[in-house]
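S.K.: the sequence and its predicted three-dimensional model are supplied below.
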Amino acid sequence: MFDMRQSLAHEANTMREEGEKAPSFTITQMASQFDLTPRTIRFYEEKGLLAPKRVGNRRIYFEKDRARMALILHFRNHGCALNDIAKIVELSKQPDNGVACLEFIDSMFKSQLGLLERMSGEVENQLTLLSEYTQTINAQSGLRRL
């Protein structure tokens, strides 16, 4: 089970530990670890979700970047928009122990749940309607199910 507070705390801790002695990763290593393309990682960087250290034109990723990528992918896998993920990333930097971030996530998931419940109702209505149509057509045409 994904623990949001633990993930946010891990990211904060790794940001403090980052330095010359911290292990670093290339974009290829990051891509391989998360089964992504380098282009996808650059796209997340363009959207402000990642901010690797730059040495010339090379990107250098640290443990904090890996923690951030795991967070990004967790929310992407749950259907969150990149704008919402960017908001989560921004809120995770606030010095309130993640309270604002968790409140935003709660609100976002409640909205998503409401949307899915409405969609589910619409699907149920369509299923009922199609079932009634097929029964009517079968009755009128004398068709029988095989």
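M.R.: Cool, got the structure.

S.K.: low-confidence stretches in the protein?
M.R.: Along the chain, segments meeting pLDDT under 70 span 1-21, 143-146.

S.K.: for it, what spans make up the helices?
M.R.: For the chain, the helices defined by DSSP state H occupy 4-17, 27-34, 38-46, 63-77, 82-91, 99-141.

S.K.: so what touches the third one?
M.R.: Contacting residues not belonging to helix 38-46 are listed as 27, 28, 30, 31, 50, 51, 52, 59, 69, 72 [CB atoms under 8 Å, 6 or more residues apart in numbering]. (Glycine included, C-beta is placed from N, CA and C.)

S.K.: hmm, which of the residues you listed are the buried ones?
M.R.: Those of these that meet the buried threshold are 27, 30, 31, 50, 52, 59, 69, 72, by 16 or more other CB atoms under 10 Å.

S.K.: next, work out how far apart the third one and residue 51 are.
M.R.: Read it as residue 31. Counting by CB to CB, to the nearest Å, the gap from residue 31 to residue 51 is 17 Å.

S.K.: then residue 79?
M.R.: Counting by CB to CB, the gap from residue 79 to residue 51 is 25 Å.

S.K.: with residue 37 instead?
M.R.: On the measure of CB to CB, residue 37 and residue 51 end up 19 Å apart.

S.K.: what of residue 41?
M.R.: 12 Å.

S.K.: ditto for residue 22
M.R.: From residue 22 over to residue 51 the distance is 15 Å, taken as CB to CB.

S.K.: got it, and residue 125?
M.R.: 46 Å.

S.K.: what of residue 43?
M.R.: Residue 43 is 14 Å from residue 51, where distance means CB to CB.

S.K.: with residue 84 instead?
M.R.: As defined by CB to CB, residue 84 lies at a distance of 18 Å from residue 51.

S.K.: again, but for residue 27
M.R.: 13 Å.

S.K.: and residue 138, by the same measure?
M.R.: To residue 51, residue 138 is 61 Å away according to CB to CB.

S.K.: fine by me, thanks again.
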